[in-house]
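# 3D model of this:
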Amino acid sequence: VQLVESGGGLVQPGGSLRLSCATSGFTFSSAAMSWARQAPGKDLEWVSGIYDDGTTYYADSVKGRFSISRDNAGNAVFLQMTDLKPEDTALYYCATSLEVPAWILRSAKYWGQGTQVTVSS
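This next block holds a predicted model:
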């Protein structure tokens with residue numbers, strides 16, 4: 001199993017970024033996929049998740065600003081982030097426990113290496 005995130009960077013408050021996670025090594029179309037983030041000195045936060053049928057989950061802190069989507073043909077999951085705030089600054093991880101929703105278990109079997117998002121003026 002391989003998860004590779006991309007799309008992070010430095011953005012001003014109010015800006016947008018789109019994170020991508022390219023996957024391989026498992027049956028993506030039947031997997032629940034998630035995004036989690038960790039800021040320095042803070043606990044891991046499960047930001048968003050998407051079931052195989054497209055049903056989504058969002059943490060209260062990002063509802064209305066972030067949108068998760070998936071491309072089953074391309075084996076990829078995305079996180080569109082808008083109206084970014086300094087408190088969104090963190091290392092963002094793509095994660096999966098395959099058919100089991102990692103954001104409910106609050107743990108994942110497989111992780112990407114992370115992509116840094118920094119929101120600052």
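# helices along this structure, start to end?
Remark: helices assigned in the chain by DSSP state H are 102-105.
# from the centroid of it, which residue is nearest?
Centroid-nearest residue in the chain, with Cα atoms, centre = their mean: residue 35, separated by 2.3 Å.
# pLDDT-wise, which helix or strand of this protein ranks last?
Across the helices and strands of the chain, mean pLDDT, DSSP states H and E gives its lowest value to helix 102-105, namely a mean of 93.
# which strands or helices does it pack on?
strand 33-38, strand 45-50 (3 or more Cβ pairs under 8 Å, 6 or more residues apart in numbering; DSSP states H and E). No exception for glycine: its C-beta is placed from N, CA and C like everyone else's.
# which one of these lies closest to residue 111?
strand 33-38 (8.4 Å; Cβ to Cβ).
# what sits up against that closest one?
19, 21, 23, 44-50, 57, 68, 70, 77, 79, 88, 90-96, 101-103, 108, 117 (Cβ atoms under 8 Å, 6 or more residues apart in numbering).
# residues in contact with residue 15?
84, 119.
# ranking the helices and strands packed on helix 102-105 by burial, who's on top?
Most buried of these, by mean neighbour count (mean count of other Cβ atoms under 10 Å): strand 33-38, with a mean of 25.
# got the angle between it and strand 45-50?
170 degrees (axes from the mean of the first three to the mean of the last three Cα atoms, to 10 degrees).
# just checking: what are the partner strands of strand 33-38?
With DSSP bridges as the test, strand 33-38 is paired with strand 45-50 (antiparallel), strand 90-96 (antiparallel).
# pLDDT (mean, whole number) over it?
Averaging pLDDT along strand 33-38 yields 98.
# roughly how far is that strand from the heart of the chain?
Centroid separation for strand 33-38 versus its chain: 4 Å, with Cα atoms, centre = their mean, to the nearest Å.
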